[in-house]
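> 3D model of this:
(chains A and B)
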Amino acid sequence: MIDVENLTKWYGRVLAVDRISFHVDKGQVVGFLGPNGAGKSTTLKMLTCFLPATSGKVTVAGHDVLSDSLAVRRQMGYMPENVPLYPEMRVGEYLMFRAALRDIGRRKRRSAVENVAERCWLSKPENVMRRRLGELSRGYKQRVGLAEVLLHSPAVLVLDEPTIGLDPAQIRSMRELIRQLADEHTVILSSHILAEVEQTCDQLIIIAAGQIAATGSPTELRQRVVGPSRIIAEVAGNDVDVLRQSAASIGGVNDVTAESRDGWVRLTISHGPKEDLRAKVAQWAASNDHQLRELRREVGSLEDFFVQITYQQNLQGPQRMGA
Amino acid sequence: MRKAIVLARREMAGYFFSPLAYVIGAGFLAFSAGVFFFGFRLLGIPAIFQSGNEATLRPLFEMMAYSMIVAGPLLTMRLISDEYRSGTIETLMTAPVTDTEVVVGKFLGVMCFYIALLACTGVFVALLAAFGELDVGVAVTGYLGMVLLGAAYISVGLFTSTMTRYQLVSAIVGIGILAAFVAVMYMLVSYAPQPLDLIASKLNAMTYFKDFSRGMIDTRGVIYFLSATALLLFLSVKTLESKRWR
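Numbers count the residues shown, from 1 in each chain, chains lettered A, B, ... in the order given. Here you go, the predicted structure:
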């Protein structure tokens, strides 16, 4: 559906996007992750025909974004970061205006607007459609922005930070909506809220300093976290050192740290990457008559992966021409 | 060009909502009223609406034309500059509309507001008709001239608006350009050596307008204003296009 080949963008002397290539299949939900300034928004702007690339090629549904720009724009709905709107227009007016710009015929316009309003929680309370865009809260503006991109049922949806600035309840509803949209559209969204991207996306593309640091599904990426997993156990007792040495003697344990907590000792047991020592720890506690009140395993999280990967990229920093 | 009309309608609605547009409109009308009732002593123009004075609309039209040098860019300064500023240029340019449709739409929207303003000055014509002898020919050609001149001046303002995100810069540069074409050209005609004074005389907007205000329709004037409008709208489209490449 979307093919990006060696996409590059120079802003004057700063290289914002450095030879990015990726492919998005029809019906996928792809998440763009990256620290601020990584080039996510710039990449999305090049996809949506807003910015021309310095070099490289982008094809959407077979149309090139530079030579066949109108065809691409007809198939695409783009919601920029911070949802820019005309403050003096009313919600209903604005949606009708955008519907007209999108070539939706006069007769179908009203019903199209009503449908998207319904879907994006704009139809109740009743007066939302009559309110001016400048008066709306962040959450409502985002809903209007989303309603606008859905008007013409485009094949591709590009959402730049769709949940930024929303409260947790709104983020949850937005996430639900994006999941529903995935059935009918190809969705590309950018974010730096990992939790939400993990849950909604089929594929993740992590960008840092203008280059792709990693791609893959969330589960794949989680497995690539470098570093062993750990087991946390809390046993009754006051002898921190004794307990620590005792735990260190469990087969397969690399290292144990212990800290005292109000009559209990918290042991952090690190072990090799492929093992799961929980059963052995439970057995050790039982055979040594230690009261065990917590036993859990910490696996590498996507956040760890993100930080590791982007840290390496950021060390290099953005390239500058002539440097 | 259907979309240009959609854009024009939206722009027009924006103008009727915006307080700034009303202020500029009111200023323009107040100035015209001042000329009509009291004259403009600085330039030696006598009041029109006074018993004993000549019942002609010519000075009124001329002063309105001069005031458009300021009013035009002030009206158009927010057209594209505002879109750059608020970021709505992104949603506009990623919709399936061409740059040409955007420029034409904006132009038509402003022109509609401007024509509504001109229609308000009809009250002066009516007063003159009621209390004096109105020369209908002068009135008609005068308004035609105002529309043509307005189109040219407004397209200058639209052009300067595409160049910057700062409304004030757009207005000032627009006023500067228009002042150049009126005042500077006038100076050049009087004081510059050949052939500069000849070129200047061909480019002075007011000489062309004066024919219209006297009741003549000179095709040279029509061509001057229409081609200026076309040129500046074309430049606006190109500037809009080029902004993407930065």
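> what sits up against stretch B:4-12?
A:86, A:89, A:97, A:100-101, B:79, B:97, B:100-102, B:104-110, B:112-113 (CB atoms under 8 Å, 6 or more residues apart in numbering or on different chains). (Glycine included, C-beta is placed from N, CA and C.)
> again, 6 Å this time
With contact meaning CB atoms under 6 Å, 6 or more residues apart in numbering or on different chains, stretch B:4-12 is reached by A:97, A:100, B:101, B:104-106, B:108-109, B:112.
> Nearest residue to the residue of chain B found nearest chain A in space, please, no chain neighbours.
Closest to chain A within chain B is B:G87: 3.5 Å, counting by CB to the nearest CB. With sequence-adjacent residues excluded and distances taken as CB to CB, 6 or more residues apart in numbering or on different chains, B:G87 is closest to A:P84, at 3.5 Å.
> for A:L243, same thing?
What sits nearest to A:L243 in space, not counting adjacent residues and going by CB to CB, 6+ apart, is A:V265, at 5.0 Å.
> Next secondary structure after the helix or strand hosting the one you found?
The secondary structure element spanning A:V265 is strand A:264-271 (assigned by DSSP states H and E). In the C-terminal direction, the helix or strand that comes right after strand A:264-271 (DSSP H and E) is helix A:278-287.
> and that next one, what does it pack onto?
Under the contact criterion of 3 or more CB pairs under 6 Å, 6 or more residues apart in numbering or on different chains; DSSP states H and E, helix A:278-287 touches strand A:230-236, strand A:292-298.
> of all the ones you listed, which lies closest to chain B?
The stretch from those with the least distance to chain B (CB to the nearest CB) is strand A:292-298; that distance is 42.1 Å.
> Give me the buried positions along that closest one.
By neighbour count on 16 or more other CB atoms under 10 Å in any protein chain shown, the buried set for strand A:292-298 is A:L295.
> helices or strands next to that strand in the packing?
Judged by 3+ CB pairs under 6 Å, 6+ apart, the packing partners of strand A:292-298 are strand A:230-236, helix A:278-287.
> picking up where we left off before, would you turn the helices and strands packed on helix A:278-287 into CSV with mean pLDDT?
Listed next are those as CSV, based on pLDDT from 0 to 100:
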stretch, mean pLDDT
strand A:230-236, 85
strand A:292-298, 86
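> Which one of these lies nearest to A:Q142?
With distances scored as CB to CB, the stretch of these nearest to A:Q142 is strand A:292-298 (34.3 Å).
> what residues does the closest one touch?
With CB under 6 Å, 6+ apart as the contact definition, strand A:292-298 has outside contacts at A:229-235, A:278, A:285.
> How about stretch B:40-51?
Residues external to stretch B:40-51 that are found in contact with it (CB under 6 Å, 6+ apart): B:36-39, B:53, B:59.
> Out of those residues, which end up buried?
Buried members of these, scored by 16+ other CB under 10 Å, are B:36, B:39, B:59.
> these two touch, right, the first one and B:V123?
What that stands for is B:F36. No: using CB atoms under 6 Å, B:F36 is not in contact with B:V123; the gap is 9.1 Å.
> now the helices and strands packed on helix A:278-287 in JSON lines, with distance to A:K26?
Rendered in JSON lines, the data for the helices and strands packed on helix A:278-287 read as follows (distance: least, CB to CB, whole Å):
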{"stretch": "strand A:230-236", "distance to A:K26": "41"}
{"stretch": "strand A:292-298", "distance to A:K26": "37"}
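> which one of those strands lies closest to A:D18?
When these are compared by CB to CB, strand A:292-298 sits nearest A:D18, at 34.5 Å.
> Closest to B:F209 out of the contacts of strand A:292-298?
Looking at the contacts of strand A:292-298 and their distance to B:F209, the nearest is A:S229, at 82.8 Å (CB to CB).
> center of chain B - which residue?
Within chain B, the residue whose C-alpha comes closest to the C-alpha centroid is B:G150; the distance, by CA atoms, centre = their mean, is 2.9 Å.
> list the helices and strands the helix or strand hosting that residue packs on?
Element membership for B:G150, per DSSP H and E: helix B:136-163. When contacts are defined as 3+ CB pairs under 6 Å, 6+ apart, helix B:136-163 sits against helix B:58-76, helix B:99-120, helix B:167-179, helix B:205-213, helix B:219-243.
> List the buried residues in the last one.
To tie it back to what came earlier, the one meant is helix B:219-243. So, applying 16+ other CB under 10 Å, buried residues of helix B:219-243: B:221-222, B:224-225, B:228-229, B:232-233, B:235-237, B:239-240, B:243.
> contacts for it?
B:99-100, B:103, B:148-149, B:151-152, B:155-156, B:158-159, B:162-163, B:208, B:211.
> Which secondary structure state is assigned to A:N82?
Three-state call for A:N82 (DSSP: H, G, I helix; E, B strand; the rest coil): coil.
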